[in-house]
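Chemist: Provide a 3D model corresponding to the input given below.
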Amino acid sequence: MTGRVLVFVLGLATTGGADPRRVNQPLVPYALEPLQWGDVQPRGWLLDWATAARHGAASPERATFATEKVSAIGQPGCVAAPSHPGPVPGYSCPNKEEHTDQFGGNGSAFQMLWNLTDAECCNACIEDPRCDVWVSGLLNNQPGDPVGCWRLEKPSGKAQHVGRTAGFVRNDPGVECESINGWRGGRPSYVGFWDEDSAYWIDGMTRLGAVLHDDTLMARVKEDIDAVLANPIYFHNTWSDEHDLSAGSAEGWVRSVYSRAMLAYIDATGDFSVQKFLERAFSNYTALDSQSDRSLTQIEALLEGHAYGGPDSMKSTALMMMEVNNISQHYLEALLSGCATNETAIASGGCIQSHGVSFNEIAKLFAMAYSWNGNSSYLQASVNAFEMLELFHVQVHGVNSADEQLNGIGPNFGTETCDVSDFTYSNEWMLRVTGNGLYADRTEKATFNAGAGAVNRTYLAHLYYQSPNLLNTSDGIAWFPSEEECFGQEAHGNCRYTRWTFGHFHLPPCCTGNQARMLPNFIHHMSFGVADSHTHTSGVAVSIYGPNRVNAEVGPQSARVALQLDITTNYPFDEDVRLSMSELESATTFPLMMRVPRWCSDASLKFNGKAITMPNVDSKGFVTLNRLWNAGDQLILTLPMRIRATKRKTFMNGKHAPLSHTSPWTGASVTPGLPFCEVEVGPLAFALPLEKTPSGPANYAIDCNASTMTLTRREMPQLFDWPLDSPISVQVKAQEIEWRDVWVMPSTPFLYNTSAAEVQLTLIPYGSAKAFKISMFPYLQ
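Modeler: So this is what the prediction gives:
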């Protein structure tokens with residue numbers, strides 16, 4: 001191997017080293033320099049998972065909504081999208097109320113969608129000559145069913161296949177799906193939620209295509225991006241046909257999400273026409289044009305657009321937005337006031353109250369701005385924000401509660417799948433800016449638990465919410481056990497709890513798109529470039545563990561050489577991480593940094609088969625070996641994983657009403673201060689799996705003492721899909737107790753009953769337990 005590592009996949013260039021395409025550098029250099037998209041590639045069990053994501057969440061062939069379907073070819077069925085943007089004149093559905101809501105209002109496509117789910121109404125509509133219907137999706141919601149755009153002919157209801165689709169949005173009436181689906185063709189959908197979903201999905205597809213070097217994904221992404229480049233009005237305003245950049249306009253959020261896809265595309269392909277588009281798109285943008293919380297996130301697009309060569313005006317506009325935006329100033333004041341880490345303030349509802357996704361997105365912006373303006377109070381604000389989450393909102397699975405607001409810590413609190421993607425992405429940004437391994441610890445825990453728990457084993461279905469404890473009898477979840485029964489009922493509150501079950505699609509569809517982003521972002525941030533400021537030597541920082549391959553350039557600035565670093569491990573299911581200099585252009589000296597997680601107190605190293613003295617762990621959680629390296633050199637980092645059993649208490653954010661069946665946005669309540677036990681090994685949380693017995697029994701209190709628990713490991717399966725028969729498990733002692741509702745923790749620990757039988761429970765990783773499980777346990781005293 002000579003010269004720079006250079007791999008082309010549909011124009012995807014992998015160059016190695018700190019990203020050379022980021023031509024404008026921040027005032028305060030990132031502690032860890034991002035590599036170029038595609039320089040970190042998954043291997044082993046992580047490749048299995050990423051491949052499932054590619055054929056599931058991010059697949060171009062996974063067309064739109066499983067619920068937009070007909071019952072069978074040639075048969076009438078219940079369909080979702082009428083051929084009119086509003087109600088059909090003179091037509092109304094029987095026994096259905098008119099519905100006005102935040103998704104588009106009375107008379108919108110959504111209103112018709114819900115009305116048309118009534119079987120009698122659907123059949124009547126199909127027979128009505130005024131109701132040609134276009135459907136995009138999977139017929140019968142079955143694998144192998146034809147995918148594409150279907151026109152239901154009047155009056156027979158016969159389905160005619162007229163084209164393939166890809167995207168999570170409906171189509172304009174009477175126009176074939178292929179020309180406008182998603183952002184393809186430059187046309188967005190009717191209302192904002194669908195745009196958000198499409199933008200999320202295309203962002204995830206871009207990033208997954210980059211880390212997998214996948215021609216098909218990158219080709220599909222190029223279609224969407226070319227469409228937007230050709231039709232910029234739909235980037236400027238995705239909610240209407242008017243060119244409107246008014247202050248506080250909601251479409252700024254969709255632009256923010258879609259801009260991320262464009263920025264990742266620039267980095268993966270070197271197509272700087274996209275950067276020029278962003279430069280032009282924001283050329284007339286002012287700091288006063290984003291007065292809503294989600295629109296504020298355009299700061300990321302502006303700063304990153306500047307990093308990829310955009311003018312100084314992009315940077316100055318972004319930094320001014322931080323100064324004049326009402327939302328950013330409110331956050332900044334609160335996060336620096338001390339209330340964010342004050343239990344009394346949080347419990348009383350007197351500090352920041354926010355939608356979970358909005359908080360995660362905004363919280364990182366201050367750290368991003370700090371890199372460009374050097375204002376250390378900004379960095380402190382972001383640090384305090386994520387500390388607030390950790391103290392008062394992060395659940396046992398590693399991500400904050402959010403159903404939809406920040407709620408606290410409790411067995412019933414849901415976590416929206418969007419929050420899993422956004423929490424991990426924001427922590428990855430904090431890792432980049434600060435170099436603190438704490439954020440890598442949090443990213444691993446969130447991804448290996450909440451991330452794995454949010455999707456099914458094929459990555460073809462996902463949860464809208466996940467909760468630490470769940471039975472299929474939990475407070476109404478059995479009312480509508482299937483997505484088909486529920487579809488159309490969520491808006492009326494009757495079907496809230498199907499959001500806790502796996503489906504190809506949930507309303508609103510944000511999580512359906514956002515799930516595609518989590519895994520490629522995780523993979524990309526597993527390693528970074530790092531520079532020794534004293535010797536001007538470039539090296540590699542291995543920050544997140546799992547099997548992967550890193551391509552980078554290392555060594556003195558004047559004579560860098562290409563490195564291929566292979567990281568072979570079954571982590572987090574095993575504690576050994578093997579790092580091999582598989583290819584090194586020539587012997588050279590460079591720093592290799594490795595994170596030591598905070599849960600590990602006795603890490604050790606072997607170099608070429610011999611034990612060596614472990615360097616001191618620095619204040620940010622890394623050890624560094626700065627030495628002469630040769631091709632073939634090998635390190636084994638051992639991170640001993642012991643069972644941790646921790647006694648904790650529930651916590652309630654003080655500004656939420658009790659759980660309600662009448663509104664899907666009310667949030668949940670829990671009594672604060674109730675005791676529970678969580679069980680962990682390394683970054684993995686453990687749960688009692690109830691997949692085969694979703695109604696229980698689950699009424700157990702465990703011995704919350706790690707010394708009485710047993711850890712069992714066995715070989716990894718040939719194909720890893722987070723199996724129920726997990727390669728790692730924990731056996732715990734327990735006794736049966738009176739515990740009727742797993743969404744309400746008992747008020748006190750249970751006294752050990754010497755006359756009662758003792759049982760042994762086998763716990764498996766939270767991500768393998770999937771939807772039905774117990775992970776917040778009552779415990780024995």
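Chemist: where in the stretch 651-781 of the chain is pLDDT low?
Modeler: Low-confidence segments of the stretch 651-781 of the chain (pLDDT under 70): 655-668.
Chemist: what about the helices in it?
Modeler: 766-769 (DSSP state H, counting those that start in this stretch).
Chemist: same deal with the stretch 501-650 of the chain?
Modeler: 510-524.
Chemist: and stretch 454-473, how far from the chain's centre?
Modeler: 14 Å (Cα atoms, centre = their mean, to the nearest Å).
Chemist: now stretch 376-391
Modeler: 20 Å.
Chemist: buried ones in that stretch?
Modeler: Neighbour-count burial for stretch 376-391, counted by 16 or more other Cβ atoms under 10 Å, picks out 378, 379, 380, 381, 382, 383, 384, 385, 386, 388, 389. C-beta: built from backbone N, CA, C; applies to glycine.
Chemist: closest to residue 310 among the residues you listed?
Modeler: If you rank the buried residues of stretch 376-391 by distance to residue 310 using Cβ to Cβ, residue 378 comes first, at 20.7 Å.
Chemist: touching, that closest one and residue 371? I think so.
Modeler: No: contact between residue 378 and residue 371 fails when scored by Cβ atoms under 8 Å: they sit 9.1 Å apart.
Chemist: and the closest residue to residue 26 other than its chain neighbours, how close does it get to residue 467?
Modeler: In this structure, residue 26 finds its nearest non-sequential neighbour in residue 371, 3.8 Å apart by Cβ to Cβ, 6 or more residues apart in numbering. Noted for residue 371: a distance of 36 Å to residue 467, by Cβ to Cβ, to the nearest Å.
Chemist: likewise for residue 199?
Modeler: For residue 199, the distance to residue 467 - Cβ to Cβ - is 27 Å.
Chemist: host element of the spatially closest residue to residue 525 that is not a sequence neighbour?
Modeler: Among residues not flanking residue 525 along the chain, residue 428 sits closest, at 4.3 Å (Cβ to Cβ, 6+ apart). Using DSSP states H and E, residue 428 falls within helix 417-434.
Chemist: off-centre distance for that helix?
Modeler: Centroid separation for helix 417-434 versus its chain: 9 Å, with Cα atoms, centre = their mean.
Chemist: that helix vs helix 510-524, what angle?
Modeler: With axes from the mean of the first three to the mean of the last three Cα atoms, to 10 degrees as the basis, helix 417-434 and helix 510-524 are set at 30 degrees to each other.
Chemist: quick one: average pLDDT of helix 417-434?
Modeler: What helix 417-434 shows for mean pLDDT is 97.
Chemist: packing partners of the very next helix or strand once past that helix?
Modeler: Following helix 417-434 in sequence order, the next helix or strand is helix 437-445 (DSSP H and E). With contacts defined as 3 or more Cβ pairs under 8 Å, 6 or more residues apart in numbering; DSSP states H and E, helix 437-445 has these neighbours: helix 376-392, helix 417-434.
Chemist: got the CA positions of helix 437-445 in CSV?
Modeler: The C-alpha trace of helix 437-445 is given here as CSV (Å, rounded to 0.1, in the frame of the first residue of the first chain):
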residue,chain,number,x,y,z
GLY,A,437,-14.4,9.9,27.1
LEU,A,438,-17.5,10.4,29.4
TYR,A,439,-19.5,11.1,26.3
ALA,A,440,-18.2,8.0,24.6
ASP,A,441,-19.3,6.0,27.7
ARG,A,442,-22.8,7.5,27.4
THR,A,443,-22.9,6.9,23.6
GLU,A,444,-22.0,3.2,24.0
LYS,A,445,-24.6,2.7,26.7
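Chemist: mind listing residues that contact it?
Modeler: Contacts with helix 437-445, where a contact means Cβ atoms under 8 Å, 6 or more residues apart in numbering, come from 386, 390, 394, 397-398, 424, 427-428, 430-431, 522, 525, 543-545, 572, 595-599, 620-622, 683, 685.
Chemist: buried subset of those residues?
Modeler: Looks like these have 386, 394, 397-398, 424, 427-428, 430-431, 522, 525, 543-545, 572, 595-597, 599, 620-622, 683, 685 buried, using 16+ other Cβ under 10 Å.
Chemist: list the residues that contact the residue nearest to residue 525.
Modeler: Residues near residue 428 by Cβ under 8 Å, 6+ apart: 439, 443, 521, 522, 525.
Chemist: hmm, try it at 7 Å
Modeler: Shown in contact with residue 428 (Cβ atoms under 7 Å, 6 or more residues apart in numbering): 443, 521, 525.
Chemist: looking at those, which is nearest residue 258?
Modeler: Nearest member of the contacts of residue 428 to residue 258, counting by Cβ to Cβ, is residue 521, at 15.9 Å.
Chemist: after the one helix or strand residue 196 maps to, next one along is what?
Modeler: Assigned by DSSP H and E, residue 196 belongs to helix 192-212. Sequence order places helix 215-230 as the next helix or strand after helix 192-212, per DSSP H and E.
Chemist: any idea how far that next one is from the chain center?
Modeler: With Cα atoms, centre = their mean, you get 22 Å for helix 215-230.
Chemist: buried residues in it, which are they?
Modeler: 217, 218, 220, 221, 222, 224, 225, 226, 227, 228, 229.
Chemist: can you give me the distance of residue 469 to residue 700?
Modeler: Taking Cβ to Cβ as the measure, residue 469 falls 12 Å from residue 700.
Chemist: more neighbours: those two, which one.
Modeler: residue 469 (26 against 22; other Cβ atoms under 10 Å).
Chemist: pull the number of nearby residues for the nearest residue to residue 48 once chain neighbours are set aside.
Modeler: Once flanking residues are discounted, residue 48 sits nearest to residue 720: 4.4 Å by Cβ to Cβ, 6+ apart. The burial count assigned to residue 720 is 18, neighbours taken as other Cβ under 10 Å.
Chemist: need the contact list for residue 720.
Modeler: When contacts are counted by Cβ under 7 Å, 6+ apart, residue 720 touches 45, 48, 49.
Chemist: coming back round to it: tell me which of the contacts of residue 428 is nearest to residue 730?
Modeler: Distance to residue 730 across these (Cβ to Cβ) is lowest for residue 443, with 22.8 Å.
Chemist: could you measure from the nearest residue to the closest one once chain neighbours are set aside over to residue 515?
Modeler: Closest residue to residue 443 apart from its sequence neighbours, by Cβ to Cβ, 6+ apart: residue 427 at 4.7 Å. According to Cβ to Cβ, residue 427 stands 17 Å off from residue 515.
Chemist: cool, residue 443 as well?
Modeler: 16 Å.
Chemist: before we move on, what about residue 206?
Modeler: Separation of residue 206 from residue 515 (Cβ to Cβ): 15 Å.
Chemist: next: residue 555.
Modeler: Look at residue 555 and residue 515: by Cβ to Cβ, they are 39 Å apart.
Chemist: and the two? which has more neighbours close in?
Modeler: Between residue 555 and residue 515, counted using other Cβ under 10 Å, residue 515 has the larger neighbour count: 27 against 22.
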